[in-house]
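J.: sharing a model that was predicted from the sequence below.
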Amino acid sequence: MKLATTLIFLLAGVAAAGAQSLGLDGLLPSGGASASGRIVQIVAMLTILSVAPGLLMMVTSFSRFVIALSFLRSGLGLQSTPANLILISLALFMTFFVMAPTFDKAWQNGVQPLVENKISEGEAYTKITEPFRDFMLTQTRPADLRLFADIAPQSIRPTDPTQSVDLRILIPSFMISELRRAFEIGFLIALPFLVIDMIVATVVMSMGMMMLPPTVISLPLKVIFFVLIDGWNLLIGGLVRSFS
């Protein structure tokens, strides 16, 4: 009896729900754009969110940090210490620290007014990308910028020095500039450890210990050397100051 009563109530609820029609207007926000335009905007937003990690690496300081930290681990001769998760997390939080003024400007000038419906999507895009454009311009080498400007299609090539550089030119120029600086920093990081490896190998060979791998002795020496000079403080401080 209880089961039958429960089924009757369930069927009544389904019938009442079926009597109500679900219109497309209830799913899409009100505004001047048509339903198809709103759907395109939603798809574009989901696409941007899916490639957000790639955008983080392309237009921020993340790549310089993570490459320099990778050079440090290779120079020390440690294969998995610190772990990739630790290095990426450290590079990520250092990126947030360096990019904080840029993020704040993008939020205050673009994202927040857009959420409050004070500006349109096109104006919000301009105001959001402007802080990142300024940051990338200050960190991009003129030679790299000229390279992509020269090989760019005529439609996006800047013709006036006062004209703003298109992001399709600026972003790859910024990326190769970051790779160059990261490898320069990586060379300076790896050089002291290379000297230690050479000294240890020379001493081991001169003592006739052919069967003893030099890395067995050089590894603890490199680790204690890095700790004694307060290497983490020097490295992180130098990386952050390289963006000032």
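T.: Perfect, thanks for sending it. Numbers count the residues shown, from 1 in each chain.

J.: low-confidence bits of this protein, can you list those?
T.: Scanning the chain for pLDDT under 70 picks out 1-38, 41, 44-45, 48-49, 51-52, 159-163.

J.: 80 instead, please
T.: 1-57, 79-80, 110-111, 114-117, 119-122, 124-125, 152-167, 204-218, 244 (pLDDT under 80).

J.: from V204, how far out is T95?
T.: Computed as C-beta to C-beta, to the nearest Å, the T95 to V204 distance reads 41 Å. No exception for glycine: its C-beta is placed from N, CA and C like everyone else's.

J.: please apply the same query to T60.
T.: Taking C-beta to C-beta, one finds T60 at 44 Å from V204.

J.: more neighbours, the two?
T.: Between T60 and V204, counted using other C-beta atoms under 10 Å, the more crowded position is T60 (22 against 18).

J.: can you pull the contacts of the more buried one?
T.: For T60, the contact set (C-beta atoms under 8 Å, 6 or more residues apart in numbering) comprises 95, 98-99, 102, 132.

J.: and the helices in the chain, which stretches?
T.: In the chain, the helices defined using DSSP state H lie at 2-19, 35-50, 52-59, 62-76, 84-98, 100-106, 112-115, 121-139, 142-151, 167-206, 214-228, 231-241.

J.: just those: most buried one?
T.: Counting by mean count of other C-beta atoms under 10 Å, helix 62-76 has the highest mean neighbour count of these, with a mean of 21.

J.: follow-up on the earlier one: any chance of the helices of the chain in JSON lines, with distance to R157 too?
T.: Shown next, in JSON lines, are these (distance: least, C-beta to C-beta, whole Å):
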{"stretch": "helix 2-19", "distance to R157": "58"}
{"stretch": "helix 35-50", "distance to R157": "26"}
{"stretch": "helix 52-59", "distance to R157": "21"}
{"stretch": "helix 62-76", "distance to R157": "26"}
{"stretch": "helix 84-98", "distance to R157": "31"}
{"stretch": "helix 100-106", "distance to R157": "26"}
{"stretch": "helix 112-115", "distance to R157": "30"}
{"stretch": "helix 121-139", "distance to R157": "17"}
{"stretch": "helix 142-151", "distance to R157": "6"}
{"stretch": "helix 167-206", "distance to R157": "8"}
{"stretch": "helix 214-228", "distance to R157": "47"}
{"stretch": "helix 231-241", "distance to R157": "34"}
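
J.: so how far is L90 from D166?
T.: Separation of D166 from L90 (C-beta to C-beta): 33 Å.

J.: and F96, by the same measure?
T.: Distance from F96 to L90, counting by C-beta to C-beta: 11 Å.

J.: do R73 as well
T.: Taken as C-beta to C-beta, the span from R73 to L90 is 11 Å.

J.: then R146?
T.: Going from R146 to L90 by C-beta to C-beta gives 34 Å.

J.: for stretch 222-235, what is the distance to the chain centroid?
T.: 26 Å (C-alpha atoms, centre = their mean, to the nearest Å).

J.: please shift the residue numbers so they start at 822 in all later answers.
T.: From this message on, residue numbering opens at 822, which makes the last subject stretch 1043-1056.

J.: send me it as CSV with only the CA atoms.
T.: The C-alpha trace of stretch 1043-1056 is given here as CSV (Å, rounded to 0.1, in the frame of the first residue of the first chain):
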residue,chain,number,x,y,z
LYS,A,1043,77.0,20.2,-4.3
VAL,A,1044,74.0,19.8,-2.0
ILE,A,1045,75.9,21.1,1.0
PHE,A,1046,77.4,23.9,-1.1
PHE,A,1047,74.0,25.0,-2.2
VAL,A,1048,72.7,25.0,1.4
LEU,A,1049,75.7,26.8,2.8
ILE,A,1050,75.4,29.7,0.4
ASP,A,1051,71.6,29.9,1.1
GLY,A,1052,70.9,29.0,-2.5
TRP,A,1053,67.1,29.1,-2.4
ASN,A,1054,67.1,32.6,-1.1
LEU,A,1055,69.6,33.8,-3.7
LEU,A,1056,67.9,32.0,-6.6
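
J.: all good on my end, thank you.
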